[in-house]
Every structure is written in structure tokens, then in C-alpha cells.
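Novice: This is a predicted model, with the sequence first.
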Amino acid sequence: MVFFLIQNNLNEIFMKTTGGVKLSLIITLFLASLSAINANGYTNPISNYAPEDYANPGVVYYNGYYYGVNTENNCSRIVVYKSARLENLYFSPKVTVWTAPPGTDHSEAIWAPYLQYIQGNWYIYYTATWGGVLQYHRMFALRANTQDPQGTYTDCGSVYATNTDFYAIDGKVIVKPTDGSLYFVWSGASNLPYQNIYIAPMDSPTHISGPAVMISGSIAAWENEVREAPAYIYKNGKAVIAYSTGQLLNPGAAGYKMGTLTNTDGNYLNPGSWTKSSGPVFQYWSGAGGSVYAPGACCFVKSPDGTEDWMVYHAKHFNDYNYNREIRAQKFTWDADNNPLFDHPVPSGVVLAVPSGQDPLPPEIVSGGTYKIVARHSSKALTVQSSSLSAGAVIEQRTYNGGNNQKWIITDLGNGYYKIIAKNSNLALNVANYSLDNGAGVIQQVYTGYDDEQWKICNLGNGYYVLTAKHSQKCLDVVNASTSNGALVNQWPFFGNNNQEWQLMNLAEPSVLGEISAGLQLKALAGIKVFSTPAGDEFAIEFEGSTMPGTLEVFDLTGATLISNVIAATNNQLKINTSDLKNGVYVLRISMDNGIFTKKIIVKKQ
């Protein structure tokens, strides 16, 4: 039995054999844009996976840009990132705005900086200590000297309540929407490790004007002794403070998670006015798409058009017991009673829509296209050493000479990542031995689909890209920022250095996509029909009228030719046997002197 379905110019041909094998050939016009990167999608995480520096994200959106603040250099300085796109924020230009002054009470262990725009000025609130003593941690503030969040700042000293002058971290200011009054909220402990959420009134963005009150209540069964990282959000008369609890290092169910404190009467200084959630509202999650461990320490930010609410938070990428964390972002919604619905952490590799109102990126990476990949700092090309065809050959940088060992076929894997194949060897760009270490070498290897062969390609918006390995969340890096021919390539956390930024130059070679793009610009051949045959493992191509000599080819999406037939002038019909084709997407191309005909073929065998 043969079925024909035609919808929106799609010819769907279903063929069924007597043996019960079903082969579906979906044949459509093949357009180059079909395989271009989805410009409105992204995947988590949106930062490196590293200790300390990617903890407790603080993100704001202001005048067309996202700004993110973090610590660097073993938590000794504060940097501010700037990007028009949330998903690219932590791979975008950054500026060091403050370095801890030695010999002061805020010279060490700078934690959890938080950027806010209050009463016409930018402020950064941060935690610091001195003398290596954990208990000495207190809250401090910086005030910007300009309207540029990446400009200079003045140190405003400590921010504390006189009745709670003890361990204090994770502070930030609440601006009450109904009257503009200010409150400071933070995590404090008079007896570590028992931490609680405190709130106090303020008479300026840097001064607490009254006693603090503890609002986190007694320890619930689903909490542990740590309650920290408060984050405020407000909707239709309901104030919500999300906070984190649980074991910070533990990646499992006992690990970091989030709860909420909710206020509906507007009396923020009355502990009885805050109601704790009955259980976690955001926690460890594992499902078909993967796992996310120990999520928490969030902040909230609006989409560029103001229609969506987003949560930016840190989590663990692996089931490991250490301080490594990464930053992630996802949209959340609200129920009918104005309670936030955070759902669950979305696993890595799941493609999500970008925030509403972000300008879409143009289709920039053509899947299946051949590229020259050039390091920004040296203008030298990513190269397979000695044009080796062997698995395990190392990757280096070298002046471009047009060799196939300097040409790379980039293919979209459909999960937010790409495989990158050396044209000379047909081997994949790979981190040696699946290593997670800084400085691990990059080699070519037989492609098997493992995470160390999959690369996220992040557009920095400056003509360059960061290439990040899926398994380690570390980026392609030229060793020691060398500009020499033969300098090796490794993986390293992204620090915004030029030896970690790459130009991707489409060589527009006769790859599948390049040929088809060219073919669409030529005169299209008319009078060609494609249909099934009763045999079930083939399809037929029929030419109306007389034909000209030419060729018929079937490619896979890497450009490999799987079928090639000569078309004689006397041919009116050709039959293509598909028994050797696996399930997947292929391209049919018919080339004659008077034009080119192209169709996409999807083979499904059940």
C-alpha cells in the first residue's frame, strides 16, 4: 500500500512492505535556513563551572543591557559583566570595579556581591572578612561614582544593625513598592553554623536605622541550620523572600534548596507577618533530560520587555562534593494567588527560549558548513598537528595555509551543542581522556557522541565566539596565550582573555549546505517528480519530457556522498534504493547543465 500526503508543499510518502517494515520518506524543499542555529534559544549553564567565583549571582537589567556582578582572583576583587543577552552575560566584557584593600576589616573572602540601582545611584553590597576568621564576615557597600555600573566605586564601609553585630552575609536592599521605604535583608548568625534571615529598616542605601528582626523562624523538618541568600520579589501586594537552605556541598536531596517567606500585610518588621513555605520550592532534580544538583542562591530579573520574570541561580553541574558551582537562568511564572511557581531546575542541554524582548541573533552558524576557526589574540588557525589522520593527534594553532587540517565542519546536534569535525581526518574535536582538569589537552578523536566531543558556541557580540566543552563547561584556550605557531590548545575556565575567543569564518566550500544554497540561487529544474514504489525500500524520480545529461547524488549532513548516479539523456525515470540508508536526514541533489534540483529526505524505518 502506498499513501500520499501533501501539506504545505510537503510530500510525505509512506511505504509498507509485506514484511511489516515501514519506511517513511519525507521529501521537501531543502532551504539553508533550516539548519541554521536557533537564534532565540539557549541552554544552561550560562557560566563556567568553578569554585567560589560563580556563586550567588547578582543580575540586573538596565537601559538595554544585563549587568552581572561576581568575584574573581580567589574572591579578592569584584567584576561587573555587561551584555545585551542574558545567556551570554558571563562570557561578555567585564571590568574590575573594586579590589579589596589589604590590611582592612574587609580585605579577604569577598563573597556574594549584589548590584542594585537605588534612588538614582548604583550600589554593590558584598560580604568580607579579615585575618582569615570566618566569624568576622560582615556586610559592606560600594557606591558608584557615575551612572555606569562598570565605572568606579567609592567604599562606603560596613552596613550593620547595632543589635546584630555578628556574622553577616548575602545582604541586599529591599525597596518597598508601595511607599519606597528601604529595608536591608541578610543572613546572620550569632552562633555558627545556625544562620537566620534578618531584616532591618534603613534611612539611606548604606545605613541601617533601627534594630533588626529575625524572620526565618524555627528550623523546619525540610531545612537544616543554614538559612541564607535571601532574594526579594513582589507582585500585587504579596512580598516574597526566596532563601536557600540545606547542605551547600551535598549534591543530593539533602543538598542546597530553596524555600520562601511570604508577607501579605506590608509589615516587613513583624516576624509574625512572614509565612514560611511548607516545603522546598526549588531543589535537586533528575529526569529524562539530566540532573541539576544543589540549586539555590538566586536573584530575580525582568525580561527586556518587562513581560517575563526570570530567576538566575547557582547550582552544581556534577554529582561531586565540593564548592564548584555554575550560574543558570530560567523563566518562572505565578499562580492565581500571586505565588511564584519556580517548577524545577532545567537540565543542561535542554533548549529554552531566550527572555522576551531580546533582539534575535541572525542565523550565524550554518550546520554542516565548513569553517576556519581563528584565535583572536594570535590570528592563527585551529589546526590538526602535522595533518595527522590518527585518533589522538593533538590540536594546535598555526598560520592558515588552506589545508584541510585547518578546516572544520560544524554540525548542530539539536541540544544546544555542536560537533566539530576536522575535514582532513573526519575526526572530532575532543578533550583528551574526558578530563575535567584545567589545562587538559584538546585532540581529535573518533566521534562517539560523548559530552567531551560536544561544544557550546557562544556569540560574544564582538565578532568572536567562546567554544565550551559540554562535559567540563571549560572553554577552548591557547596555552599561555602564546602567539607562536605550534602552540597547543587546551581547556580552561573562561576569563575573558583573547586567547579564549575565536573567529568562525565560513569558507562556503562545496559542503552539502553550501551547494544547496548555491543551487537555490540557480535556475531550479522543473518537471521532476519524486514518489514511492511498491517495493518499500526505494523511491523513484521521474523526469517530464526530455532530459539532459547530469548527476544524481544523495548526501548526509556532513557532506559525505552516499549515492551517486549518472543521468543519461535518455533517462526518463531513476529508482533509488534506500535499503542501506539509516534513519536520518539526507539531501537529494540533481545537477544538470540547465539547473539544480534539491530535496530533503528524512528516512524513518520502524
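Specialist: Yes, it's here.
Novice: Checking Val59 next. Helix, strand or coil?
Specialist: Three-state secondary structure (criterion: DSSP: H, G, I helix; E, B strand; the rest coil) places Val59 in strand.
Novice: Against Ala329, how distant is it?
Specialist: Distance, Val59 to Ala329, by CB to CB, to the nearest Å: 8 Å. C-beta: built from backbone N, CA, C; applies to glycine.
Novice: Between those two, which contacts overlap?
Specialist: 86, 312 (CB atoms under 8 Å, 6 or more residues apart in numbering).
Novice: which parts of the host helix or strand of Ile197 are buried?
Specialist: Here Ile197 sits within strand 194-204, counting by DSSP states H and E. The neighbour-count criterion (16 or more other CB atoms under 10 Å) identifies 195-202 as the buried residues of strand 194-204.
Novice: Could you single out the nearest of these to Leu89?
Specialist: Of all the buried residues of strand 194-204, Ile197 has the smallest distance to Leu89: 27.1 Å, by CB to CB.
Novice: Next up, the contacts around the spatially closest residue to Asn236 that is not a sequence neighbour.
Specialist: Nearest non-adjacent residue to Asn236, counting by CB to CB, 6 or more residues apart in numbering: Asn338, 4.7 Å away. With contacts defined as CB under 8 Å, 6+ apart, Asn338 is in contact with 235-238.
Novice: out of those, who has the most neighbours?
Specialist: Lys238 (16 neighbours; other CB atoms under 10 Å).
Novice: So the residue nearest to it when sequence neighbours are not counted: helix, strand or coil?
Specialist: In space, and not counting its chain neighbours, Lys238 is closest to Asn338: 4.4 Å by CB to CB, 6+ apart. Of the three states, Asn338 takes coil under three-state DSSP.
Novice: separation between Asn338 and Lys331?
Specialist: For Asn338, the distance to Lys331 - CB to CB - is 17 Å.
Novice: quick one: Asn424 is in a strand?
Specialist: No: secondary structure assignment (three-state DSSP) places Asn424 in coil, not in a strand.
Novice: Tell me who's in contact with it.
Specialist: Here Asn424 is in contact with 384, 387, 389, 403-405, 407 (criterion: CB under 8 Å, 6+ apart).
Novice: Which residue ranges make up each domain of the chain?
Specialist: 2-35+511-605, 41-353, 369-506 (automatic domain parsing).
Novice: mind giving me a markdown table with the ones you listed and columns for mean pLDDT?
Specialist: A markdown table is the format used below for the domains of the chain (pLDDT from 0 to 100):
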| stretch | mean pLDDT |
| --- | --- |
| domain 2-35+511-605 | 55 |
| domain 41-353 | 93 |
| domain 369-506 | 93 |
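Novice: Present the ones you listed as a markdown table; the columns should include distance to Asp359.
Specialist: Formatted as a markdown table, those follow (distance: least, CB to CB, whole Å):
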| stretch | distance to Asp359 |
| --- | --- |
| domain 2-35+511-605 | 18 |
| domain 41-353 | 7 |
| domain 369-506 | 10 |
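Novice: who's in contact with Gly252?
Specialist: Gly252 neighbours (CB under 8 Å, 6+ apart): 284, 293, 319.
Novice: just curious, which of these is nearest to Asp452?
Specialist: Asn319 (17.1 Å).
Novice: Check which helix or strand that closest one maps to.
Specialist: Going by DSSP H and E, Asn319 is not in any helix or strand.
Novice: still on that earlier bit, following the strand holding Ile197, which helix or strand comes up?
Specialist: Trace forward from strand 194-204 with DSSP H and E and the next one is strand 207-208.
Novice: Can you tell me which helices and strands that following strand packs against?
Specialist: Where contact means 3 or more CB pairs under 8 Å, 6 or more residues apart in numbering; DSSP states H and E, strand 207-208 is packed against strand 194-204.
Novice: could you redo the last one with a cut-off of 6 Å?
Specialist: Judged by 3 or more CB pairs under 6 Å, 6 or more residues apart in numbering; DSSP states H and E, strand 207-208 is in contact with no other helix or strand.
Novice: That one pairs with which strands?
Specialist: strand 194-204 (antiparallel) (DSSP bridges).
Novice: The partner strand: how far from the chain's middle?
Specialist: With CA atoms, centre = their mean, to the nearest Å as the basis, strand 194-204 stands 34 Å off its chain's centre.
Novice: ditto for stretch 470-485
Specialist: Worked out by CA atoms, centre = their mean, stretch 470-485 lies 19 Å from the chain centre.
Novice: now swap in stretch 178-196 and tell me
Specialist: 32 Å.
Novice: can you pull the buried residues of that stretch?
Specialist: Going by 16+ other CB under 10 Å, stretch 178-196 has these buried residues: 182-189, 195-196.
Novice: which residues touch it?
Specialist: Residues from elsewhere that reach stretch 178-196, judged by CB atoms under 6 Å, 6 or more residues apart in numbering: 139, 164, 166-171, 173-174, 198-202, 208, 214, 216, 225-228, 230, 268.
Novice: And stretch 352-362, by the same measure?
Specialist: Contacts for stretch 352-362 (CB under 6 Å, 6+ apart): 39-40, 42, 85-86, 303-305, 307-308, 310.
Novice: Recalculate using a threshold of 10 Å.
Specialist: Outside of stretch 352-362, the residues within contact range by CB atoms under 10 Å, 6 or more residues apart in numbering are 36-44, 61, 64, 66, 84-88, 301-310, 329-331, 346, 416, 459, 461.
Novice: If any of these are buried, put those into a PyMOL selection.
Specialist: Only the buried entries of the contacts of stretch 352-362 go into this PyMOL selection, using 16+ other CB under 10 Å:
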select buried, resi 36+37+39+42+43+44+61+66+84+85+86+87+88+301+303+304+308+309+310+329+330+331+346+416+459
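Novice: Could you tell me which of the contacts of stretch 352-362 belong to helices?
Specialist: Among the contacts of stretch 352-362, no residue falls in helices (DSSP state H).
Novice: so of the contacts of stretch 352-362, which ones are in strands?
Specialist: If you go by DSSP state E, the contacts of stretch 352-362 have 41-42, 61, 66, 301-302, 309-310, 329-331, 459 in strands.
Novice: where along the stretch 351-500 of the chain do the strands fall?
Specialist: 352-353, 369-375, 381-384, 395-398, 408-412, 418-422, 428-431, 442-445, 455-459, 465-469, 475-478, 489-492 (DSSP state E, counting those that start in this stretch).
Novice: thinking again about what came up before, could you dump the buried residues of stretch 178-196 into a markdown table with secondary structure added?
Specialist: Shown next, in a markdown table, are the buried residues of stretch 178-196 (three-state DSSP):
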| residue | secondary structure |
| --- | --- |
| Leu182 | strand |
| Tyr183 | strand |
| Phe184 | strand |
| Val185 | strand |
| Trp186 | strand |
| Ser187 | strand |
| Gly188 | strand |
| Ala189 | strand |
| Gln195 | strand |
| Asn196 | strand |
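Novice: Looking at these, spot the one nearest His106.
Specialist: Nearest to His106 among the buried residues of stretch 178-196, with distances taken as CB to CB, is Trp186, at 15.0 Å.
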